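**Q** the sequence isn't on hand, but the structure is:
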């Protein structure tokens, strides 16, 4: 049944509503210098590309999709989030998702459960939500308590309602270059690359991070064939991780046209590790102690503060709330687009917003 739901991504849409934001291939290189990104000839300094306008643009597009869907006589999309325990970060993530959903006209609810809930109880909840026709998308906020197996819970959510894109069917379809629900951070990285005009065709990309929710889907999207059912980036992708020796990592990053960092290690990438003209996308979120304020602050994985770059670099930051390209904005925007489940789904490029 799940497979049938995916065979025709737009089959459930009424004739009056065109398919919503289909997954699009990245543009092939033009006469402009291949692999280049928008730049200012007047400056040789590194440029930080702000994502605030992009996030607002995505939200507006999703809002229009929702309005069009409802105007055709369809039910308003509804997202149900299950939040287990009292993890402060999880509560913040969920609050941001609910806020983003409301901004685009998607209704939502948060079901709070204590950390001692049994796995059986949680699975029973997901089963009921799967059968509830009023629920368009289901999201179980991770991480879960140690006594609950996250993989089992993720696989219990109906693939067509799997807002996070963590169900084994969605993961498998991603690996087979077929339309699927894609984890939000990977979808956000793709959207950033697409909208900023960064070329990936035939380029070298380093992805520092191998998590199954972030690093792996990013790598899959960028290395696959741009002519497949779910187009990829046609890039040569090198995957590194926290155990890659720093000297080896530096060799790879200095050759890369794009460096995407999602390892969860502060100061993993420094200016001297990146070549001129490269684009750096920081997906990292790290909580560190600030000796100046005595408080905890959020930082990414890239350290360009102590050694500010003077060469032409294009720095896109997703992880830290202190930087303009906040993943909380972009990924939540992506999440808003898929909260409608199979009935209202920005096919292949939406999901939840956690790392």
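**A** The structure has been received and is ready for your questions. Everything quoted here is computed from the prediction, not taken from an experiment.
**Q** buried set for stretch 125-135?
**A** 125-126, 129-130, 135 (16 or more other C-beta atoms under 10 Å). Where C-beta positions appear, they are placed from N, C-alpha and C, glycine not excepted.
**Q** centre of the chain to it, how far?
**A** Centre-to-centre, stretch 125-135 and its host chain are 25 Å apart (C-alpha atoms, centre = their mean, to the nearest Å).
**Q** which residues touch that stretch?
**A** 75, 78-80, 82, 111, 113, 138, 140, 153, 156-158, 161, 341 (C-beta atoms under 8 Å, 6 or more residues apart in numbering).
**Q** list the contacts of residue 108.
**A** 78-81, 97-98, 101-102, 339.
**Q** which two among the residues you listed are spaced furthest apart?
**A** 80 and 102 (14.2 Å; C-beta to C-beta).
**Q** neighbour count winner among those two?
**A** Legend: neighbour count by other C-beta atoms under 10 Å for residue 80 and residue 102, higher for residue 80 (24 against 13).
**Q** gap between the helix or strand hosting that one and the chain center?
**A** Here residue 80, judged by DSSP states H and E, is contained in strand 78-84. Put simply, strand 78-84 sits 18 Å off its chain's centre (C-alpha atoms, centre = their mean).
**Q** pairing partners for that strand, with directions?
**A** Strand pairing for strand 78-84, determined by DSSP bridges: strand 107-113 (parallel), strand 137-140 (parallel).
**Q** average pLDDT for the next helix or strand after that strand?
**A** Later in the chain than strand 78-84, the nearest helix or strand by DSSP H and E is helix 88-103. For helix 88-103, the mean per-residue pLDDT is 92.
**Q** what residues sit buried inside helix 88-103?
**A** 90, 93-94, 96-98, 100-101, 103.
**Q** closest one of those residues to residue 119?
**A** residue 90 (17.5 Å).
**Q** for the residue lying closest to residue 221 once chain neighbours are set aside, what are its contacts?
**A** Leaving aside its chain neighbours, residue 221 sits nearest to residue 190 (5.4 Å; criterion: C-beta to C-beta, 6 or more residues apart in numbering). Residue 190 sits next to 182, 218, 221-222, 233, 349 when contact means C-beta under 8 Å, 6+ apart.
**Q** restricted to helices, list those.
**A** 218, 221-222 (DSSP state H).
**Q** tabulate those residues (TSV), appending pLDDT, neighbour count and distance to residue 144.
**A** Listed next are the ones in helices among the contacts of residue 190 as TSV, based on pLDDT from 0 to 100; neighbours: other C-beta atoms under 10 Å; distance: C-beta to C-beta, whole Å:
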residue	pLDDT	neighbour count	distance to residue 144
218	96	29	23
221	94	28	26
222	95	24	29
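**Q** what about the strands in the stretch 101-250 of the chain?
**A** Remark: strands assigned in the stretch 101-250 of the chain by DSSP state E, counting those that start in this stretch are 107-113, 137-140, 204-208, 236-240.
**Q** quick one: closest of those strands to residue 54.
**A** strand 204-208 (20.0 Å).
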